[in-house]
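[1] mind folding the following:
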Amino acid sequence: MKRTRLLIAGVLLMAAANGAAMAQTGLPGYADGAQVMRVDVTRGQIDTIGGVIYSQVKATRSVRQLRMTVLVPRANDLKPAIVYFPGGGFISAEYEKFTEMRTALAQAGFVVAAAEYRVVPDQFPALVEDGKAAVRYLREHAAEYGIDPARIGVIGDSAGGYVAQMLGATNGEKTFDTGQFLDKSSDVQAAVTLYGISDLRSIGEGFPEAVQKVHQSPAVTEALLLNGPAFGEFPGATVTANPEQALAASPIGHVKGEKPPFLIMHGSADTLVSPRQSQKLYEALKAEGNKVDYVLVEGAGHGDLRWYQGPVIDRVVSWFKQTLGEPIKGAAKASGPDAKL
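    Okay, here's the model as predicted:
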């Protein structure tokens, strides 16, 4: 008991001594019993700019406004930019998800725009046109966001991965450039796809027969994307009803020639989009001599929690930093031969 009292007395004396020492430092606002915390500045502030209208497209009897949310690191640097396209099976585009990935990229110094795009019942090529419009919008407003217009990349998961792949694969093509800011390029300098769709004709390749039958239906979403729904005298059509059309609407149909660097990631346990989709895209890009990295995530399913973990996010951030480069400190505007982009 005596020993316990002595220990308590010692702790109280140490606390009193520490308090006296803190008081003697002259910290403004210090009071006895206050806890003093020291904080080192290790990262900057990120501004979130929501509700940005990046494109206006005609609907049947109205004009639809397409939106993005932009994360902007608050620093007087010339920053690379990345556009994120969300997955949603071609029927939704909830662009403010995957905050873990977007925040990590912004903390690494990238301007990160998350963009919605048109989905079913809108048909191809609407979503590709929207993706390219988002890139052109960032180039048009590069000075406002501190973006280096010569360094813009894209990333998407699942159907959003399809959009990112299409943007990378169609660099230099003008077919899908419609709408505003057509004096700006929609080319991208890097593309990341997570369990994305590279060939609309074979999304379920290697899966059980019951799944194969779903993808042979005229009601499956990729068929609706290409052909629209049954209406009037049109009974609907399958993806393979017009193989040439399906190939032209797939990233795998645009792999010839020089492409920007690609990072392709897929889960080995994906049961919605066949891992063979990513395997074939990797092999096709590599055969053309392009720079492409392929990461198969062991045991990962389609959009499961493994994709939100540090190793996956760190791999993407590191790849973008290596491919697009770091922010240019204190730079006010782009310079060099690629600034015209």
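[2] CA atoms for contacts and neighbours, from now on please.
    Fine.
[3] pretty sure residue 167 is in a helix, no?
    Yes: applying DSSP: H, G, I helix; E, B strand; the rest coil, one finds residue 167 inside a helix.
[4] just the element for residue 103, please.
    Assigned by DSSP states H and E, residue 103 belongs to helix 99-107.
[5] swap in residue 113?
    Counting by DSSP H and E, residue 113 is part of strand 111-115.
[6] from the chain's centroid, how far away is that strand?
    7 Å (CA atoms, centre = their mean, to the nearest Å).
[7] and for stretch 203-222?
    When distances are taken as CA atoms, centre = their mean, stretch 203-222 is centred 26 Å away from the chain's centroid.
[8] next one: the closest residue to residue 166 other than its chain neighbours relative to residue 99, how far apart?
    Spatially, and ignoring its direct neighbours in sequence, residue 166 is nearest to residue 251 (5.0 Å; CA to CA, 6 or more residues apart in numbering). Using CA to CA, to the nearest Å, residue 251 is found at 26 Å from residue 99.
[9] out of those two, which sits in the busier spot?
    Ranked by neighbour count (other CA atoms under 10 Å), residue 251 and residue 99 place residue 251 first, with 22 against 12.
[10] is it true that the more buried one touches residue 164?
    No: Residue 251 is beyond contact range of residue 164, at 9.3 Å (criterion: CA atoms under 8 Å).
[11] orientation of the helix or strand residue 320 falls within relative to helix 99-107 in degrees?
    In the assignment (DSSP H and E), residue 320 maps to helix 310-324. Using axes from the mean of the first three to the mean of the last three CA atoms, to 10 degrees, the direction of helix 310-324 lies 40 degrees away from that of helix 99-107.
[12] which residues in the stretch 151-300 of the chain form helices?
    159-169, 209-215, 221-227, 243-248, 275-287 (DSSP state H, counting those that start in this stretch).
[13] which residues does the fourth one contact?
    Looking back up the chat, that one is helix 243-248. Under the criterion CA atoms under 8 Å, 6 or more residues apart in numbering, residues 199-201, 226, 239-240, 253-254 lie in contact with helix 243-248.
[14] what of the first one?
    Helix 159-169 has contacts (CA under 8 Å, 6+ apart) with 84-90, 127-128, 131-132, 154-156, 186-198, 250-251, 254-255, 259-260, 262.
[15] could I get the CA-only coordinates of that helix as CSV?
    This file holds the C-alpha atoms of helix 159-169, laid out as CSV (Å, rounded to 0.1, in the frame of the first residue of the first chain):
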residue,chain,number,x,y,z
ALA,A,159,-18.2,0.0,-66.8
GLY,A,160,-16.2,3.0,-65.8
GLY,A,161,-13.1,1.0,-66.7
TYR,A,162,-14.6,0.5,-70.1
VAL,A,163,-14.9,4.3,-70.5
ALA,A,164,-11.3,4.8,-69.3
GLN,A,165,-10.1,2.1,-71.8
MET,A,166,-12.0,3.6,-74.7
LEU,A,167,-10.5,7.0,-74.0
GLY,A,168,-7.0,5.6,-73.9
ALA,A,169,-7.5,3.3,-76.9
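[16] report the rounded mean pLDDT for it.
    The average pLDDT for helix 159-169 rounds to 98.
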